[in-house]
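In: whatever this is, show me its structure:
(4 chains, ligands or ions: 4)
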Protein chains: 2
Amino acid sequence: MTKNFNFIEKLRETGLRPTKQRVKICEVLFNRDKTFHFTINDLVKKISEELNEKISLATVYNTVHALQKKGYLKEISINSDKSYFDTNTTVHHHFYDEDTHQLIDCDENEIENVNVKNNITGKKINSVEVLVRVASDNQNQN
Amino acid sequence: MTKNFNFIEKLRETGLRPTKQRVKICEVLFNRDKTFHFTINDLVKKISEELNEKISLATVYNTVHALQKKGYLKEISINSDKSYFDTNTTVHHHFYDEDTHQLIDCDENEIENVNVKNNITGKKINSVEVLVRVASDNQNQN
DNA sequence: TCAACAGTTTAGAATAATTATAATTTATAA
DNA sequence: TTATAAATTATAATTATTCTAAACTGTTGA
Ligand SMILES: [Mn+2]
Ligand SMILES: [Mn+2]
Ligand SMILES: [Zn+2]
Ligand SMILES: [Zn+2]
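Out: Ligands and ions are numbered 1, 2, ... in the order given. All right, here's what the predicted structure looks like:
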(Lines give C-alpha, C1' and ligand atoms only; values in the text may rest on other atoms or scores of the structure.)
(Ligands and ions follow the chains in the order given, each with its own letter.)
Protein backbone atom coordinates (compact mmCIF):
# COMPACT_ATOMS: atom_id res chain seq x y z
CA MET A 1 0.00 0.00 0.00
CA THR A 2 1.37 3.37 -0.93
CA LYS A 3 1.02 6.57 0.99
CA ASN A 4 -1.70 9.14 0.26
CA PHE A 5 -3.95 6.54 -1.16
CA ASN A 6 -7.57 5.66 -1.47
CA PHE A 7 -7.54 2.77 0.92
CA ILE A 8 -11.16 1.95 0.19
CA GLU A 9 -10.25 0.79 -3.30
CA LYS A 10 -7.06 -0.83 -2.15
CA LEU A 11 -8.80 -2.91 0.49
CA ARG A 12 -11.55 -3.93 -1.90
CA GLU A 13 -8.97 -5.06 -4.45
CA THR A 14 -7.48 -7.49 -1.98
CA GLY A 15 -10.83 -8.89 -0.91
CA LEU A 16 -11.14 -7.07 2.40
CA ARG A 17 -14.28 -5.08 3.00
CA PRO A 18 -13.34 -1.47 3.47
CA THR A 19 -14.96 -0.94 6.82
CA LYS A 20 -14.60 2.32 8.68
CA GLN A 21 -12.17 0.68 11.11
CA ARG A 22 -9.95 -0.84 8.44
CA VAL A 23 -9.72 2.35 6.45
CA LYS A 24 -8.75 4.27 9.56
CA ILE A 25 -6.11 1.72 10.49
CA CYS A 26 -4.70 1.80 6.96
CA GLU A 27 -4.47 5.57 7.10
CA VAL A 28 -2.57 5.42 10.36
CA LEU A 29 -0.25 2.70 9.06
CA PHE A 30 0.41 3.64 5.46
CA ASN A 31 -0.05 7.40 5.14
CA ARG A 32 3.52 8.08 6.07
CA ASP A 33 6.87 8.46 4.41
CA LYS A 34 9.00 6.17 6.49
CA THR A 35 8.69 2.56 7.45
CA PHE A 36 6.68 2.11 10.61
CA HIS A 37 7.68 -0.57 13.11
CA PHE A 38 5.09 -1.13 15.79
CA THR A 39 3.58 -3.40 18.36
CA ILE A 40 -0.18 -3.82 18.60
CA ASN A 41 -0.02 -1.58 21.61
CA ASP A 42 1.86 1.13 19.73
CA LEU A 43 -0.82 1.01 17.07
CA VAL A 44 -3.67 1.22 19.54
CA LYS A 45 -1.98 4.25 21.09
CA LYS A 46 -1.47 5.89 17.68
CA ILE A 47 -5.10 5.26 16.81
CA SER A 48 -6.40 6.91 19.94
CA GLU A 49 -4.01 9.84 19.43
CA GLU A 50 -4.70 10.45 15.74
CA LEU A 51 -8.38 9.55 15.53
CA ASN A 52 -11.53 10.40 17.41
CA GLU A 53 -13.20 7.04 17.21
CA LYS A 54 -11.95 4.15 19.23
CA ILE A 55 -11.40 0.77 17.65
CA SER A 56 -11.68 -2.33 19.75
CA LEU A 57 -8.52 -4.25 20.54
CA ALA A 58 -9.91 -7.37 18.88
CA THR A 59 -10.43 -5.44 15.65
CA VAL A 60 -6.93 -4.05 15.74
CA TYR A 61 -5.58 -7.59 16.06
CA ASN A 62 -7.93 -8.85 13.34
CA THR A 63 -7.02 -6.08 10.94
CA VAL A 64 -3.28 -6.30 11.48
CA HIS A 65 -3.41 -10.03 10.86
CA ALA A 66 -5.60 -9.59 7.80
CA LEU A 67 -3.18 -7.03 6.37
CA GLN A 68 -0.26 -9.31 7.18
CA LYS A 69 -1.92 -12.23 5.42
CA LYS A 70 -2.48 -10.06 2.36
CA GLY A 71 1.18 -9.09 2.37
CA TYR A 72 0.87 -5.48 3.50
CA LEU A 73 2.54 -6.05 6.83
CA LYS A 74 5.36 -8.23 8.01
CA GLU A 75 5.90 -9.67 11.47
CA ILE A 76 9.31 -9.22 13.07
CA SER A 77 10.58 -11.04 16.14
CA ILE A 78 13.24 -9.43 18.23
CA ASN A 79 11.73 -9.67 21.58
CA SER A 80 9.85 -12.68 22.67
CA ASP A 81 7.30 -10.96 24.83
CA LYS A 82 5.50 -9.14 22.05
CA SER A 83 5.20 -9.10 18.27
CA TYR A 84 6.50 -6.29 16.14
CA PHE A 85 5.03 -5.48 12.75
CA ASP A 86 6.67 -3.67 9.89
CA THR A 87 5.12 -1.69 7.03
CA ASN A 88 8.20 -2.53 5.00
CA THR A 89 7.39 -6.01 3.75
CA THR A 90 10.56 -6.54 1.73
CA VAL A 91 13.38 -8.75 2.96
CA HIS A 92 15.60 -6.26 4.79
CA HIS A 93 17.87 -5.80 7.75
CA HIS A 94 17.40 -3.99 11.04
CA PHE A 95 19.13 -2.16 13.77
CA TYR A 96 17.60 -2.82 17.15
CA ASP A 97 18.28 -0.23 19.78
CA GLU A 98 18.42 -2.11 23.04
CA ASP A 99 18.09 1.08 25.05
CA THR A 100 14.94 2.46 23.45
CA HIS A 101 13.59 -0.83 22.08
CA GLN A 102 13.31 0.78 18.65
CA LEU A 103 13.63 -1.06 15.38
CA ILE A 104 15.23 0.82 12.50
CA ASP A 105 15.57 -0.32 8.89
CA CYS A 106 19.04 -0.66 7.46
CA ASP A 107 19.55 1.12 4.18
CA GLU A 108 20.19 -1.15 1.22
CA ASN A 109 23.82 -0.19 1.06
CA GLU A 110 24.59 -0.36 4.76
CA ILE A 111 25.00 -4.12 4.71
CA GLU A 112 26.22 -5.93 1.66
CA ASN A 113 24.67 -9.11 0.35
CA VAL A 114 24.91 -11.92 2.87
CA ASN A 115 26.14 -15.03 1.17
CA VAL A 116 24.88 -18.32 2.59
CA LYS A 117 27.29 -20.94 1.32
CA ASN A 118 25.60 -24.10 2.54
CA ASN A 119 21.95 -24.70 3.04
CA ILE A 120 20.12 -27.49 4.82
CA THR A 121 19.42 -30.25 2.34
CA GLY A 122 15.87 -30.47 1.05
CA LYS A 123 15.02 -26.99 2.22
CA LYS A 124 14.77 -23.73 0.36
CA ILE A 125 15.84 -20.40 1.76
CA ASN A 126 12.93 -18.07 2.36
CA SER A 127 14.85 -15.10 3.71
CA VAL A 128 18.22 -14.02 4.99
CA GLU A 129 17.99 -11.16 7.41
CA VAL A 130 20.47 -9.47 9.67
CA LEU A 131 19.77 -8.03 13.09
CA VAL A 132 22.28 -5.52 14.39
CA ARG A 133 21.85 -4.94 18.10
CA VAL A 134 23.10 -1.58 19.26
CA ALA A 135 23.17 0.20 22.59
CA SER A 136 24.53 3.41 24.00
CA ASP A 137 28.28 3.60 24.31
CA ASN A 138 28.43 3.97 28.08
CA GLN A 139 27.38 0.44 28.84
CA ASN A 140 26.09 -0.31 32.31
CA GLN A 141 25.52 -4.01 32.71
CA ASN A 142 24.41 -5.22 36.13
CA MET B 1 30.20 -24.54 30.79
CA THR B 2 31.91 -27.42 29.11
CA LYS B 3 30.63 -30.93 28.73
CA ASN B 4 31.48 -33.72 31.17
CA PHE B 5 32.08 -31.32 33.92
CA ASN B 6 31.77 -31.01 37.63
CA PHE B 7 28.89 -28.60 37.66
CA ILE B 8 28.98 -28.30 41.43
CA GLU B 9 32.28 -26.46 41.25
CA LYS B 10 31.29 -24.53 38.19
CA LEU B 11 28.12 -23.25 39.76
CA ARG B 12 29.86 -22.33 42.97
CA GLU B 13 32.50 -20.39 41.05
CA THR B 14 29.88 -18.17 39.53
CA GLY B 15 28.13 -17.54 42.81
CA LEU B 16 25.22 -19.88 42.32
CA ARG B 17 24.57 -22.40 45.03
CA PRO B 18 24.86 -25.85 43.52
CA THR B 19 21.49 -27.18 44.48
CA LYS B 20 20.34 -30.59 43.38
CA GLN B 21 17.97 -29.00 40.86
CA ARG B 22 20.57 -26.70 39.35
CA VAL B 23 23.13 -29.45 38.98
CA LYS B 24 20.57 -31.67 37.27
CA ILE B 25 19.56 -28.90 34.90
CA CYS B 26 23.20 -28.19 34.08
CA GLU B 27 23.76 -31.84 33.30
CA VAL B 28 20.82 -31.90 30.95
CA LEU B 29 21.89 -28.68 29.28
CA PHE B 30 25.64 -28.91 29.08
CA ASN B 31 26.58 -32.58 29.05
CA ARG B 32 26.27 -32.81 25.30
CA ASP B 33 28.39 -32.39 22.22
CA LYS B 34 26.21 -30.17 20.12
CA THR B 35 24.58 -26.85 20.78
CA PHE B 36 21.16 -27.20 22.34
CA HIS B 37 18.39 -24.82 21.34
CA PHE B 38 15.35 -25.12 23.52
CA THR B 39 12.24 -23.56 24.92
CA ILE B 40 11.43 -23.82 28.60
CA ASN B 41 8.91 -26.46 27.65
CA ASP B 42 11.49 -28.48 25.73
CA LEU B 43 13.70 -28.38 28.78
CA VAL B 44 10.97 -29.46 31.14
CA LYS B 45 10.21 -32.36 28.81
CA LYS B 46 13.89 -33.34 28.61
CA ILE B 47 14.16 -33.20 32.39
CA SER B 48 11.26 -35.52 32.95
CA GLU B 49 12.58 -37.90 30.30
CA GLU B 50 16.19 -38.02 31.48
CA LEU B 51 15.77 -37.72 35.24
CA ASN B 52 13.71 -39.36 37.94
CA GLU B 53 13.08 -36.34 40.09
CA LYS B 54 10.77 -33.65 38.93
CA ILE B 55 11.75 -30.00 39.09
CA SER B 56 9.09 -27.36 39.47
CA LEU B 57 8.39 -25.10 36.54
CA ALA B 58 9.28 -22.04 38.60
CA THR B 59 12.70 -23.48 39.33
CA VAL B 60 13.31 -24.24 35.69
CA TYR B 61 12.51 -20.64 34.83
CA ASN B 62 14.64 -19.37 37.71
CA THR B 63 17.60 -21.53 36.81
CA VAL B 64 17.52 -20.79 33.11
CA HIS B 65 17.42 -17.08 33.84
CA ALA B 66 20.21 -17.38 36.40
CA LEU B 67 22.39 -19.26 33.91
CA GLN B 68 21.58 -16.69 31.25
CA LYS B 69 22.53 -13.84 33.55
CA LYS B 70 25.84 -15.55 34.28
CA GLY B 71 26.48 -15.93 30.57
CA TYR B 72 26.00 -19.67 30.20
CA LEU B 73 22.87 -19.37 28.12
CA LYS B 74 21.72 -16.97 25.49
CA GLU B 75 18.17 -15.99 24.62
CA ILE B 76 17.13 -16.11 20.97
CA SER B 77 14.00 -14.58 19.53
CA ILE B 78 12.58 -15.99 16.37
CA ASN B 79 9.06 -16.54 17.33
CA SER B 80 7.20 -14.11 19.44
CA ASP B 81 5.09 -16.56 21.34
CA LYS B 82 7.87 -18.20 23.27
CA SER B 83 11.52 -17.71 24.14
CA TYR B 84 14.27 -19.90 22.81
CA PHE B 85 17.52 -20.42 24.67
CA ASP B 86 20.84 -21.48 23.28
CA THR B 87 23.78 -23.21 24.95
CA ASN B 88 26.02 -21.59 22.37
CA THR B 89 26.54 -18.14 23.83
CA THR B 90 28.85 -16.82 21.15
CA VAL B 91 27.65 -14.40 18.49
CA HIS B 92 26.58 -16.72 15.70
CA HIS B 93 24.05 -17.24 12.94
CA HIS B 94 21.07 -19.56 12.65
CA PHE B 95 18.95 -21.46 10.26
CA TYR B 96 15.33 -21.57 11.35
CA ASP B 97 13.29 -24.36 9.89
CA GLU B 98 9.79 -22.98 9.52
CA ASP B 99 8.33 -26.45 9.08
CA THR B 100 9.72 -28.08 12.19
CA HIS B 101 10.33 -24.89 14.21
CA GLN B 102 13.91 -26.02 14.78
CA LEU B 103 16.85 -23.70 15.25
CA ILE B 104 20.20 -24.84 13.85
CA ASP B 105 23.56 -23.14 14.23
CA CYS B 106 25.35 -22.04 11.11
CA ASP B 107 28.91 -23.20 10.86
CA GLU B 108 31.52 -20.48 11.02
CA ASN B 109 32.29 -20.78 7.35
CA GLU B 110 28.74 -21.01 6.05
CA ILE B 111 28.21 -17.26 6.21
CA GLU B 112 31.08 -14.88 5.73
CA ASN B 113 31.59 -11.85 7.89
CA VAL B 114 28.71 -9.42 7.69
CA ASN B 115 30.02 -5.95 7.19
CA VAL B 116 27.92 -3.14 8.68
CA LYS B 117 29.05 -0.01 6.90
CA ASN B 118 27.09 2.60 8.81
CA ASN B 119 26.03 2.53 12.39
CA ILE B 120 23.61 4.68 14.32
CA THR B 121 25.47 7.63 15.78
CA GLY B 122 26.21 7.44 19.47
CA LYS B 123 25.58 3.74 19.63
CA LYS B 124 27.90 0.80 19.70
CA ILE B 125 27.22 -2.48 17.95
CA ASN B 126 26.65 -5.34 20.37
CA SER B 127 26.06 -8.10 17.85
CA VAL B 128 25.43 -8.77 14.21
CA GLU B 129 23.49 -11.95 13.65
CA VAL B 130 21.90 -13.51 10.62
CA LEU B 131 18.70 -15.53 10.59
CA VAL B 132 18.17 -17.75 7.56
CA ARG B 133 14.59 -18.91 7.33
CA VAL B 134 14.20 -22.16 5.46
CA ALA B 135 11.24 -24.36 4.61
CA SER B 136 10.57 -27.47 2.60
CA ASP B 137 10.81 -27.08 -1.15
CA ASN B 138 7.23 -27.91 -1.96
CA GLN B 139 5.74 -24.77 -0.53
CA ASN B 140 2.06 -24.73 0.27
CA GLN B 141 0.99 -21.27 1.30
CA ASN B 142 -2.70 -20.70 1.90
C1' DT C 1 -34.19 0.25 -3.33
C1' DC C 2 -33.68 -2.95 0.10
C1' DA C 3 -33.78 -7.41 2.18
C1' DA C 4 -30.73 -11.22 2.95
C1' DC C 5 -26.50 -12.86 4.07
C1' DA C 6 -21.81 -13.16 4.69
C1' DG C 7 -18.29 -10.64 6.68
C1' DT C 8 -16.92 -7.67 10.55
C1' DT C 9 -16.82 -5.63 15.05
C1' DT C 10 -16.99 -6.02 19.77
C1' DA C 11 -16.84 -7.10 24.79
C1' DG C 12 -15.53 -10.26 27.32
C1' DA C 13 -13.87 -14.99 28.29
C1' DA C 14 -10.20 -18.29 27.50
C1' DT C 15 -5.44 -19.55 26.80
C1' DA C 16 -0.58 -19.71 27.27
C1' DA C 17 3.89 -17.98 28.50
C1' DT C 18 6.00 -15.79 31.98
C1' DT C 19 6.61 -13.48 36.46
C1' DA C 20 5.41 -12.63 41.30
C1' DT C 21 4.26 -14.20 46.03
C1' DA C 22 4.94 -16.21 50.14
C1' DA C 23 5.54 -20.28 52.72
C1' DT C 24 8.74 -24.16 53.14
C1' DT C 25 13.08 -26.15 52.54
C1' DT C 26 18.06 -26.23 51.86
C1' DA C 27 22.96 -24.76 51.58
C1' DT C 28 26.56 -22.87 53.94
C1' DA C 29 29.17 -19.96 57.13
C1' DA C 30 30.21 -19.34 61.80
C1' DT D 1 25.08 -27.56 64.90
C1' DT D 2 22.66 -23.44 64.26
C1' DA D 3 21.54 -19.18 62.24
C1' DT D 4 20.85 -17.04 58.09
C1' DA D 5 20.40 -16.13 53.46
C1' DA D 6 19.30 -18.28 49.29
C1' DA D 7 16.50 -21.44 46.66
C1' DT D 8 12.44 -24.26 45.72
C1' DT D 9 7.77 -24.78 45.24
C1' DA D 10 2.73 -24.44 44.57
C1' DT D 11 -0.05 -21.29 43.32
C1' DA D 12 -1.73 -16.69 42.05
C1' DA D 13 -1.08 -12.75 39.06
C1' DT D 14 0.09 -10.67 34.82
C1' DT D 15 0.30 -9.91 29.94
C1' DA D 16 -0.06 -10.75 25.12
C1' DT D 17 -2.84 -13.00 22.24
C1' DT D 18 -6.76 -15.77 20.53
C1' DC D 19 -11.47 -17.36 20.86
C1' DT D 20 -16.52 -16.85 21.22
C1' DA D 21 -20.79 -15.53 20.21
C1' DA D 22 -23.89 -11.83 19.80
C1' DA D 23 -24.75 -7.44 17.48
C1' DC D 24 -23.83 -4.79 13.50
C1' DT D 25 -22.63 -3.44 8.67
C1' DG D 26 -21.24 -3.73 3.75
C1' DT D 27 -22.56 -5.67 -0.46
C1' DT D 28 -25.15 -8.07 -3.77
C1' DG D 29 -28.87 -9.12 -6.60
C1' DA D 30 -34.03 -9.26 -6.84
MN1 LIG E 1 12.46 -11.09 27.26
MN1 LIG F 1 3.48 -15.82 15.77
ZN1 LIG G 1 11.82 -2.92 8.88
ZN1 LIG H 1 22.64 -21.23 18.28
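In: state the phi and psi torsions of the spatially closest residue to A:Ile76 that is not a sequence neighbour.
Out: Using C-beta to C-beta, 6 or more residues apart in numbering or on different chains and skipping the chain neighbours, the partner closest in space to A:Ile76 is A:Tyr84 (4.4 Å). All C-beta atoms are positioned from the backbone trio N, CA, C, and that covers glycine. For A:Tyr84, the backbone dihedrals (degrees, to the nearest 10) come out as phi -110, psi 150.
In: what is the burial count for A:Tyr84?
Out: Look at A:Tyr84: counted by other C-beta atoms under 10 Å in any protein chain shown, it has 20 neighbours.
In: can you give me the strands in chain A?
Out: For chain A, the strands defined by DSSP state E occupy A:37-38, A:74-76, A:84-86, A:94-97, A:102-105, A:123-136.
In: ok, and does the fourth one reach over to chain B?
Out: Pointing back at strand A:94-97 there. Yes - Strand A:94-97 lies within reach of chain B by C-beta under 8 Å from any C-beta of the partner chain, at A:95, A:97.
In: mind listing residues that contact that strand?
Out: For strand A:94-97, the external contacting residues (C-beta atoms under 8 Å, 6 or more residues apart in numbering or on different chains) are A:76, A:78, A:102-106, A:129-135, B:119-120, B:123.
In: what's near enough to touch the nearest residue to A:Arg133 once chain neighbours are set aside?
Out: The shortest distance from A:Arg133 to any non-neighbouring residue, by C-beta to C-beta, 6+ apart, is to B:Asn126 (4.3 Å). Applying C-beta under 8 Å, 6+ apart to B:Asn126 gives the contacts A:98, A:133-135.
In: could I get the strands of chain A as JSON lines with distance to B:Thr63 and mean pLDDT?
Out: Below are the strands of chain A laid out as JSON lines (distance: least, C-beta to C-beta, whole Å; pLDDT from 0 to 100):
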{"stretch": "strand A:37-38", "distance to B:Thr63": "33", "mean pLDDT": "97"}
{"stretch": "strand A:74-76", "distance to B:Thr63": "30", "mean pLDDT": "96"}
{"stretch": "strand A:84-86", "distance to B:Thr63": "29", "mean pLDDT": "97"}
{"stretch": "strand A:94-97", "distance to B:Thr63": "27", "mean pLDDT": "94"}
{"stretch": "strand A:102-105", "distance to B:Thr63": "31", "mean pLDDT": "93"}
{"stretch": "strand A:123-136", "distance to B:Thr63": "25", "mean pLDDT": "95"}
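In: turn these into CSV, including distance to DNA strand D.
Out: Formatted as CSV, the strands of chain A follow (distance: least, C-beta to the nearest atom of the strand, whole Å):
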stretch, distance to DNA strand D
strand A:37-38, 10
strand A:74-76, 9
strand A:84-86, 8
strand A:94-97, 16
strand A:102-105, 14
strand A:123-136, 18
